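Undergrad: Build me a structure from this.
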Amino acid sequence: MKTAFITGITGQDGSYLAELLLAKDYTVVGLVSQKHDIGDQNVKGFKEKLRLEVGDLLDKASLERIIQEYKPDEIYNLGGITFVPTSWDKPVLTNDVNALGPLRILEIIRDDFPKIRFYQATTAKIFGDPAEVPQTEQTPVHPQDPYRVSKTCAHFLTQVFRRQFGLFACSGILYNHESERRGPEFVTRKITQGAVKIKLGLEKSLSLGNLKAKQDWGYAPDYVEAMWLMLQQEKADDYIVATGELHTVEDVCRVAFGVLGLDHQKYLKEDKQLYRKTEAKALTGDATKAKRILGWQPKTSFAAMIEKMVEHDRKLLENG
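TA: Okay, here's the model as predicted:
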């Protein structure tokens, strides 16, 4: 039986990964931060099967204590500050958590547990305004805000520790992935919740930023499987995980409102104040390498994903 240690276990990705690993008979240890706790709503259904430990990516001693106690076979670093506007408000904290957090883990692995396999959650947003479309693992990075800079740093640190010290350390360059567990501050969940509220008569309209903004959106449960597959290989490497398909914010609205029998155009208000100054352009990934080496494929379509999110929010709001 293997043991895995997951930071960010109560987040969207961490909770789905924990479920996947439990199904594979892993002992799953999760890091829970008292300072930055988001609640346990994502793991409530299986919390009793987890071993949750209090610690923080800012506190190396807490990380050392947990790793020493459980001696995990695999560590998945999914914890971090992920909302771009927050990174502008708190750039120092963002860098400390997102860049120095994984560095603390890498240093512990290097010094005491060199056989541990390490996964770093890298974001496709490191490409910023990309030099090519679609992006591959060799596309030059161009980070444009503190969040992307911090993630770029962690990505490169993972690479150099792999090369310099021979660690089994991988980065998953994941494109946007959504689910029923996505936070309400993210646009897809804002849309699905907003559509349901309008259907139930709780709201009359939905204000959004750039409706023409495009993203490569996939389904989070599909993407966490790719994380696991990366750590099962003979050789550590970095992989893009993406659908290769672009959809607009308005496409999300069209599907979400359509599921509820509504015409999205009647309820949307485009608010220029919600536009991002550093909106990423044409971020669409080429996951050929992941498909070829890992045998990974996205299983859930864009429309099916949005439908799942709408039905989930409908049940939540109908039940109060």
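Undergrad: And the helices in the stretch 51-200 of the chain?
TA: Listed in chain order, the helices of the stretch 51-200 of the chain (DSSP state H, counting those that start in this stretch) span residues 60-70, 84-89, 91-95, 101-112, 146-165, 187-199.
Undergrad: Turn the ones you listed into a markdown table, including distance to Asp238, mean pLDDT and mean neighbour count.
TA: Quick note: C-beta positions are derived from backbone N, CA and C, even for glycine. What follows is the helices of the stretch 51-200 of the chain, written out as a markdown table (distance: least, CB to CB, whole Å; pLDDT from 0 to 100; neighbours: other CB atoms under 10 Å):
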| stretch | distance to Asp238 | mean pLDDT | mean neighbour count |
| --- | --- | --- | --- |
| helix 60-70 | 23 | 98 | 17 |
| helix 84-89 | 22 | 89 | 15 |
| helix 91-95 | 21 | 96 | 17 |
| helix 101-112 | 14 | 98 | 20 |
| helix 146-165 | 7 | 97 | 20 |
| helix 187-199 | 26 | 97 | 23 |
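Undergrad: can those go into a markdown table with extra columns for distance to Thr284?
TA: Shown next, in a markdown table, are these (distance: least, CB to CB, whole Å):
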| stretch | distance to Thr284 |
| --- | --- |
| helix 60-70 | 35 |
| helix 84-89 | 19 |
| helix 91-95 | 25 |
| helix 101-112 | 26 |
| helix 146-165 | 17 |
| helix 187-199 | 16 |
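Undergrad: how about the strands of the stretch 1-150 of the chain, start to end?
TA: Taking DSSP state E, counting those that start in this stretch, the strands of the stretch 1-150 of the chain run over residues 3-7, 27-32, 51-54, 74-77, 117-123.
Undergrad: which non-adjacent residue is nearest Ile38?
TA: Ranked by CB to CB, 6 or more residues apart in numbering and with sequence neighbours excluded, the top spatial neighbour of Ile38 is Thr10, at 5.7 Å.
Undergrad: out of the helices of the stretch 51-200 of the chain, which comes closest to Val43?
TA: Set against Val43 and scored by CB to CB, these come closest in helix 60-70, at 17.0 Å.
Undergrad: quick one: the closest one to strand 3-7, angle?
TA: Between helix 60-70 and strand 3-7, the angle formed by their directions is 160 degrees, by axes from the mean of the first three to the mean of the last three CA atoms, to 10 degrees.
Undergrad: Which neighbouring elements make contact with helix 60-70?
TA: With contacts defined as 3 or more CB pairs under 8 Å, 6 or more residues apart in numbering; DSSP states H and E, helix 60-70 has these neighbours: strand 3-7, strand 27-32, strand 51-54, helix 101-112.
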